[in-house]
Every structure is written in C-alpha cells, then in structure tokens.
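> Next come a sequence and a model predicted from it.
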Amino acid sequence: MISFETTRFGRLEVSKDKIINFPTGLMGFSDHKRYILMDYKDTSLKWLQAVDAPHVAFIVVQPFEFFPEYSLRIEDSIKDLLEIKEDDDISILTILRVEGEKVTVNLQGPLVINSLNKKGVQIVNDDPRFTCKAPLHPLSAASAK
C-alpha cells in the first residue's frame, strides 16, 4: 500500500498494483508519471489522480460510451511499449474538460492503457473526424447510471 495527499480527495491509501504508470507522462504533464483511477460518484466517469502531484487530477471516460463512432488506430510500437499481447487488454480513456456549463472530450489525445500491467501512454489520434474539444451533450446519461 502507498499513501499520498491530494487537494480534492485528501489523503488516499491505495494498493501499489492500482497505480497506472505513464512512462512519458501525459501531454503537458510529463513530470507526473503515476496515476490511479477512482470512481466518480455513481457514474461511468472516473477521476485520474496523479500520485505524485496532489493538485493534478482529470475526469476521464471511455469514449465509446458517448461516441459510438469513435475509432483509434494503435500502432504496433505503442502495443510493444505497453507490452500488450491481446487487444482485449487495452483500455482507452479520454479526458473531459469542464468550462462552466460546457463539457468537452479530448478525442485527439486518448489514453491507451494495458489493463494487465497498468502501463499507459497518451497518443495522438490524427483522424480528422475527432477533435480535442468534442461537445459532450449526453453527460446526463452518465450521471443517471
């Protein structure tokens, strides 16, 4: 178990096997490499909380729930980096941004995580159909679950 302080949730204690390691960090947060996922109320949304930076936390969601047409090509080099053996071991998350009443999803910078070894990376989805500020209209569907 490890214990660490956060600004949103106070002191947390988690098992070491719950820590997701991002060897290169996240875009704009390259110094922060260790994160945990926490449930966000009774929804499908999650908090991605940095272990070593009390003030760094993101709301994340699996994009396919709100954007069924979302697609992502994961290069073999990324699968090798994450040591992914089976596609079923891949977890995809996208970061939400809340600005007042407006909620958007970054579909251009998804997080790809090996759910077995808890190793992750943020990649660039260069499909022009997906933006870094895709409006999330059905947020009420997530909060109703």
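All right, it came through fine. Numbers count the residues shown, from 1 in each chain.

> And the helices in the chain?
Applying DSSP state H to the chain gives helices spanning 63-66, 76-82, 139-143.

> worst average pLDDT in those helices?
Here the helices of the chain differ in mean pLDDT, and the lowest is helix 139-143 at a mean of 45.

> Might you report the residue contacts of the residue most central in space within the chain?
Nearest residue to the geometric centre of the chain (Cα atoms, centre = their mean): residue 93, 4.1 Å. Residue 93 makes contact with 46, 48, 60, 61, 62, 63, 110, 111, 113, according to Cβ atoms under 8 Å, 6 or more residues apart in numbering. For every residue, glycine as well, the C-beta is placed using N, CA and C.

> any idea which of the residues you listed is closest to residue 10?
residue 48 (17.1 Å; Cβ to Cβ).

> Can you report how many residues lie near the closest one?
21 (other Cβ atoms under 10 Å).

> Can you name the residues that contact it?
Contacts for residue 48 (Cβ under 8 Å, 6+ apart) come out as 20, 35, 36, 37, 57, 58, 59, 60, 93, 95, 111.

> Near the closest residue to residue 13 other than its chain neighbours, how many residues? Count them for me, please.
Setting aside the residues directly before and after it, residue 13 is nearest to residue 3 in space (Cβ to Cβ, 6 or more residues apart in numbering), at 4.6 Å. By other Cβ under 10 Å, the residues close to residue 3 number 8.

> residues contacting residue 3?
11, 12, 13.

> Likewise for residue 2?
13, 14, 16, 19, 51.

> Flag every buried residue along the top strand by length along the chain.
Longest strand of the chain, by residue count under DSSP state E: strand 90-99. By neighbour count on 16 or more other Cβ atoms under 10 Å, the buried set for strand 90-99 is 90, 91, 92, 93, 94, 95, 96.

> Would you mind measuring from residue 120 to residue 59?
According to Cβ to Cβ, to the nearest Å, residue 120 stands 16 Å off from residue 59.

> Next: residue 100.
15 Å.

> same thing with residue 35?
Taking Cβ to Cβ as the measure, residue 35 falls 13 Å from residue 59.

> Would you mind telling me which of those two has more residues around it?
residue 35 (29 against 17).

> Alright, I will stop here.
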